[in-house]
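Asker: when you get a sec, could you give me coordinates for this:
(2 chains)
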Amino acid sequence: KNEVEQSPQNLTAQEGEFITINCSYSVGISALHWLQQHPGGGIVSLFMLSSGKKKHGRLIATINIQEKHSSLHITASHPRDSAVYICAVSLNNNDMRFGAGTRLTVKP
Amino acid sequence: NAGVTQTPKFQVLKTGQSMTLQCAQDMNHEYMSWYRQDPGMGLRLIHYSVGAGITDQGEVPNGYNVSRSTTEDFPLRLLSAAPSQTSVYFCASSYIFFSSTDTQYFGPGTRLTVL
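Answerer: From the prediction side, this is the model:
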């Protein structure tokens, strides 16, 4: 079983919809990351969080340490949000583990 | 700032050949790392470094070697290329690994094919 599980694997939404991507992990972590990988392959770090909630524009990330679960929300989705969203965790020994990613397609 | 740069962008090797993937950053970041990305498997950490002169193994280190002689550079060496090393390789850096306010910066990737 993968140490970081994401759901769903694929997600198609209409422009304007509220989107939620989930991440569960089974190991002890020092932080959790949400990354965005564009269709061209480039990777951008969206959030790094160890507790609570962070917001940046239309993106919101939350983490529940007790339940070992994080969610990434996108409000008022737009076609330019189409990308692969990757959840990753920083382990306590400097190592990192990644989820397989969620492919999001937002249709106009 | 150029950020994180990687060279080459594409490379084709024959089995048994060796080569070095270059990674450099100009942000004075202490933490640097190498990942490989394979279809359906997500990113996996190969090696990382928390500062010049300090390196350690990640999840999939076999067949790869690294060194960190300067803060800026973190090359990844393939000692004897194998078809199983066909992948897209990403280098990343961040200022302080455990800081909750920090973020990782990724290079553009190197697509490697081993025949």
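Asker: contacts, neighbours, all on C-alpha from now
Answerer: Will do.
Asker: can you pull the contacts of B:W34?
Answerer: By Cα atoms under 8 Å, 6 or more residues apart in numbering or on different chains, the contact set of B:W34 is B:L45, B:I46, B:H47, B:Y48, B:L76, B:Y89, B:F90, B:C91, B:A92.
Asker: repeat for A:E17
Answerer: For A:E17, the contacting residues are A:T75, A:A76, A:S77, by Cα under 8 Å, 6+ apart.
Asker: thinking again about what came up before, if we check chain A, which of the contacts of B:W34 are in contact?
Answerer: Among the contacts of B:W34, the ones lying near chain A by Cα under 8 Å from any Cα of the partner chain are B:L45, B:Y48.
Asker: can you report how many residues neighbour A:P39?
Answerer: When neighbours are counted by other Cα atoms under 10 Å in any protein chain shown, A:P39 registers 11.
Asker: most neighbours of all the contacts of A:E17, which one?
Answerer: Of all those, A:S77 has the most neighbours under the rule other Cα under 10 Å, reaching 22 neighbours.
Asker: in three-state terms, how would that residue be classified?
Answerer: Following DSSP: H, G, I helix; E, B strand; the rest coil, A:S77 is assigned to coil.
Asker: next step: the contacts of B:W34 restricted to strands.
Answerer: Within the contacts of B:W34, residues falling in strands by DSSP state E are B:L45, B:I46, B:H47, B:Y48, B:L76, B:Y89, B:F90, B:C91, B:A92.
Asker: kindly indicate the member of those with the most neighbours.
Answerer: Of all these, B:C91 has the most neighbours under the rule other Cα under 10 Å, reaching 31 neighbours.
Asker: B:Q22 versus that residue, what's the distance?
Answerer: Relative to B:Q22, B:C91 is positioned 9 Å away (Cα to Cα, to the nearest Å).
Asker: pLDDT of stretch A:14-24, averaged?
Answerer: Mean per-residue pLDDT for stretch A:14-24: 97.
Asker: ranges for the strands of the chain?
Answerer: No chain specified, so I'll use chain A. Counting by DSSP E, one finds strands in chain A at the ranges A:4-7, A:10-14, A:19-25, A:29-37, A:43-49, A:52-56, A:59-64, A:69-74, A:83-91, A:96-98, A:102-107.
Asker: my question was about chain B
Answerer: Here chain B has its strands, by DSSP E, at B:4-7, B:10-13, B:19-25, B:31-38, B:42-51, B:54-57, B:64-66, B:76-78, B:87-94, B:105-106, B:110-114.
Asker: do you know the pLDDT at residue 94?
Answerer: All of this is about chain A. pLDDT, A:N94: 73.
Asker: nope, chain B
Answerer: Per the predicted model, pLDDT is 86 at B:S94.
Asker: got any residues that touch both of B:C91 and B:Q22?
Answerer: Common neighbours of B:C91 and B:Q22 (criterion: Cα under 8 Å, 6+ apart): B:Q6.
Asker: what is the nearest residue to A:I60 once chain neighbours are set aside paired to in the beta sheet?
Answerer: Using Cα to Cα, 6 or more residues apart in numbering or on different chains and skipping residues adjacent in sequence, the residue nearest A:I60 is A:H73, 5.1 Å away. In this structure, A:H73 bridges to A:T20, A:I60 when assessed by DSSP bridges.
Asker: burial of A:K53, as a residue count?
Answerer: With other Cα under 10 Å as criterion, A:K53 counts 15.
Asker: residues contacting it?
Answerer: Counted by Cα under 8 Å, 6+ apart, A:K53 has contacts A:I60, A:A61, A:T62, A:I63.
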